[in-house]
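Enquirer: Just need the structure, nothing else, for what follows:
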Amino acid sequence: DIKDFLNGTGGMLVIGGWIQWVINGLTDYSGITWNGPQASNSYRPTTNIEPHQTTTGINTLYYTYRSFSIETAGAATGVVYDDVDATIQGAASTYNYGKVFAVNSQDDFGWALYNSDNLQYSRNVVSWLLTPPDSNDLAVTNMSVLKYSIPGDPLNITATIMNNGMNPQTNIVVNFTVNGTVLVSTPIANIASLEQVNVNFPWTPTAEEDDNIEVTETLVYGETNTFDNGRSRVIRAYYPTAYLLIDQAHSNSMNGYENFIQDQIDRKYWVNYTSSPLNASILANHSVLVSIGPQSGYSAAELVDIKGFLNGTGGMLVIGGGNQGALNGLTDYSGITWNGPRASNSYISTTNIEPHQTTVGINTVYYTSHSFSIKTAGAATDVVYDDADVTIQGAASTYNYGKVFAVNARYDFNNNYLFQQDNLQYSRNIVS
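Expert: Reported below is the predicted structural model:
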């Protein structure tokens, strides 16, 4: 009955909450899905807003607690994103001639209604849902491309052109523009009502620079909604000076470390991810392995290849949290062990810092929640301590010609705390 309602040009506003399968049932057929785990950042403003009828006159939105992460496909398009990790906060879609809008955070239109431009945003959303589809309305609903690349490496940009109008359209031209110059114009003979067409643009960046790429489609006769006739992205092209490998096979806790990752890119380090068990082939050609809060243990074969990687002058950053056995397996052979019970103090600053290459220019470090206490032996050395109870918050070690660094508290370098005290410089020193 809800689908029949939408078929008859009805509209539906869905605001996120707690029961994932319920809200997925409401929206997944429209291309909007709600996925776990929850997005990492909450209770903050964003200016990462796409042109759309629902965002007219909107400069800043304040979003609240997010139980899930929204993803879009098909006719659905992201409208509002988190400034930090670019997760979708608002998404619009159509289902036949009806409209669907999803707001990720439960209280955006509740107690936060009068924060930032939330009130006008809510009005725009409802007005858009109330408005019947236009006769003529094309849109660029999605643009898929990597955010960074190496000069000389070919990229493929895919854009989705959607006919949201009630009339079929013919002789559409889609333009691909780089830094203000149209490089390719691709014709589309016809698009039926509610049909979408993907258009691909191969392109190769040639220099180290930030390139502004844009995909636009020409206006059709009688079209009045022009807000969504184009999409743009900035792609950073650079020659990497080092390669980092993020281990996601043993932990999914990279949510919330987007600023840390972006900072590595800004420093011309290349960041790769792996969801496969580690082996010598995967580790090859990387400079640093990063493991954040591993939830599952590393196999004997994996540990052999990790030690081999360190023997060859590789480095490894291990951030606490997760499974104690997994942490100890990763670092105990280097003299760093993770022990219980947890350290007693959390979310405070410390100035109890030892001279070390990782602490150059560091006066104060802010540490967060730590599940265990670090101990050192052999080649391992204490670098940062808790001011209150002198538990170790950071430890450095060597294993043959490789280096290992352990950060006790799981969130010291995540989006919420990376910019506290000297944590950003501390993280840079460690990776360097």
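Enquirer: Check which helices and strands the helix or strand containing residue 338 is in contact with.
Expert: Assigned by DSSP states H and E, residue 338 falls within strand 336-339. Packing partners of strand 336-339 (3 or more C-beta pairs under 8 Å, 6 or more residues apart in numbering; DSSP states H and E): helix 324-331, strand 373-376, strand 402-407. For every residue, glycine as well, the C-beta is placed using N, CA and C.
Enquirer: Of all the residues in it, which ones are buried?
Expert: For strand 336-339, the neighbour count (16 or more other C-beta atoms under 10 Å) marks 336, 337, 338 as buried.
Enquirer: Including pLDDT, could those residues go into a markdown table?
Expert: Converted to a markdown table, these look like this (pLDDT from 0 to 100):
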| residue | pLDDT |
| --- | --- |
| 336 | 97 |
| 337 | 96 |
| 338 | 93 |
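Enquirer: re the thing from before, relative to residue 264, which of the helices and strands packed on strand 336-339 is closest?
Expert: Ranking those by proximity to residue 264 (C-beta to C-beta) places strand 402-407 first, at 14.7 Å.
Enquirer: Downstream of that closest one, the next helix or strand is which one?
Expert: Per DSSP H and E, the first helix or strand lying C-terminal to strand 402-407 is helix 423-431.
Enquirer: How far does that next one sit from its chain's centre?
Expert: Centroid separation for helix 423-431 versus its chain: 20 Å, with C-alpha atoms, centre = their mean, to the nearest Å.
Enquirer: ditto for stretch 18-38
Expert: Stretch 18-38 sits 19 Å away from the centroid of its parent chain (C-alpha atoms, centre = their mean).
Enquirer: Then stretch 184-195?
Expert: In terms of C-alpha atoms, centre = their mean, the centre of stretch 184-195 is set 31 Å apart from its chain centre.
Enquirer: Just the buried residues of that stretch, please?
Expert: 184, 186, 188, 191, 193, 194.
Enquirer: which element is residue 105 on?
Expert: Assessed by DSSP H and E, residue 105 sits outside every helix and strand.
Enquirer: Around it, count how many other residues there are.
Expert: Neighbour count of residue 105, defined by other C-beta atoms under 10 Å: 26.
Enquirer: Likewise for residue 114?
Expert: By other C-beta under 10 Å, the residues close to residue 114 number 9.
Enquirer: Am I right that it falls within a helix?
Expert: No: going by DSSP: H, G, I helix; E, B strand; the rest coil, the assignment for residue 114 is coil, not a helix.
Enquirer: any idea how far residue 201 is from it?
Expert: Per C-beta to C-beta, to the nearest Å, residue 114 is found 42 Å from residue 201.
Enquirer: which one of the buried residues of stretch 184-195 is nearest residue 90?
Expert: For the buried residues of stretch 184-195, the nearest to residue 90 is residue 194 (21.6 Å; C-beta to C-beta).
Enquirer: Would you mind measuring from the closest residue to residue 372 other than its chain neighbours to residue 371?
Expert: Excluding the flanking residues, the one nearest residue 372 by C-beta to C-beta, 6 or more residues apart in numbering is residue 338, at 4.2 Å. According to C-beta to C-beta, residue 338 stands 8 Å off from residue 371.
Enquirer: picking up where we left off before, among the helices and strands packed on strand 336-339, which comes closest to residue 312?
Expert: strand 402-407 (7.2 Å).
Enquirer: That closest one pairs with which strands?
Expert: The strands beside strand 402-407 in its sheet (DSSP bridges) come out as strand 315-319 (parallel), strand 392-399 (antiparallel).
Enquirer: which parts of the host helix or strand of residue 34 are buried?
Expert: Element membership for residue 34 (DSSP H and E) is strand 32-35. Neighbour-count burial for strand 32-35, counted by 16+ other C-beta under 10 Å, picks out 32, 33, 34.
Enquirer: thinking again about what came up before, can you show me the CA trace of the strand holding residue 338 as CSV?
Expert: Extracted in CSV, the C-alpha atoms of strand 336-339 (Å, rounded to 0.1, in the frame of the first residue of the first chain):
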residue,chain,number,x,y,z
ILE,A,336,55.2,-4.3,23.9
THR,A,337,52.4,-6.1,25.8
TRP,A,338,48.8,-5.2,26.5
ASN,A,339,47.7,-6.1,30.0
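Enquirer: quick one: pLDDT of residue 133?
Expert: Residue 133 carries a pLDDT value of 83.
Enquirer: Let's verify residue 270: helix, strand, or coil?
Expert: Of the three states, residue 270 takes strand under three-state DSSP.
Enquirer: same check, this time on residue 358
Expert: Secondary structure, three-state DSSP: residue 358 is helix.
Enquirer: now do residue 298
Expert: Assignment for residue 298 (three-state DSSP): coil.
Enquirer: what about it, neighbour count?
Expert: By the criterion of other C-beta under 10 Å, residue 298 has 22 neighbours.
Enquirer: What sits closest to it if chain neighbours are left out?
Expert: Closest to residue 298 by C-beta to C-beta, 6+ apart is residue 329, at 5.1 Å.
Enquirer: That neighbour and residue 303 touch, don't they?
Expert: Yes: with contact defined as C-beta atoms under 8 Å, residue 329 counts as touching residue 303 (6.1 Å).
Enquirer: And those two? Which one has more around it.
Expert: The neighbour comparison of residue 329 against residue 303 (other C-beta under 10 Å) goes to residue 329, with 20 against 15.
Enquirer: Show me the one of the helices and strands packed on strand 336-339 that comes nearest residue 57.
Expert: Closest of the helices and strands packed on strand 336-339 to residue 57 is strand 402-407, at 43.5 Å (criterion: C-beta to C-beta).
Enquirer: Show me the contact partners of the strand holding residue 338.
Expert: Outside of strand 336-339, the residues within contact range by C-beta atoms under 8 Å, 6 or more residues apart in numbering are 318, 320, 324, 327-328, 331, 372-377, 380, 395, 397, 404, 406.
Enquirer: The helix or strand following that strand - contacts with which helices or strands?
Expert: Remark: after strand 336-339, the chain's next helix or strand is strand 348-350, criterion DSSP H and E. Contacts defined by 3+ C-beta pairs under 8 Å, 6+ apart place strand 348-350 against strand 365-367.
Enquirer: and the gap between the residue lying closest to residue 272 once chain neighbours are set aside and residue 287?
Expert: Closest residue in space to residue 272, ignoring its immediate chain neighbours: residue 245 at 5.3 Å, by C-beta to C-beta, 6+ apart. For residue 245, the distance to residue 287 equals 8 Å [C-beta to C-beta].
Enquirer: same check, this time on residue 192
Expert: Separation of residue 192 from residue 287 (C-beta to C-beta): 51 Å.
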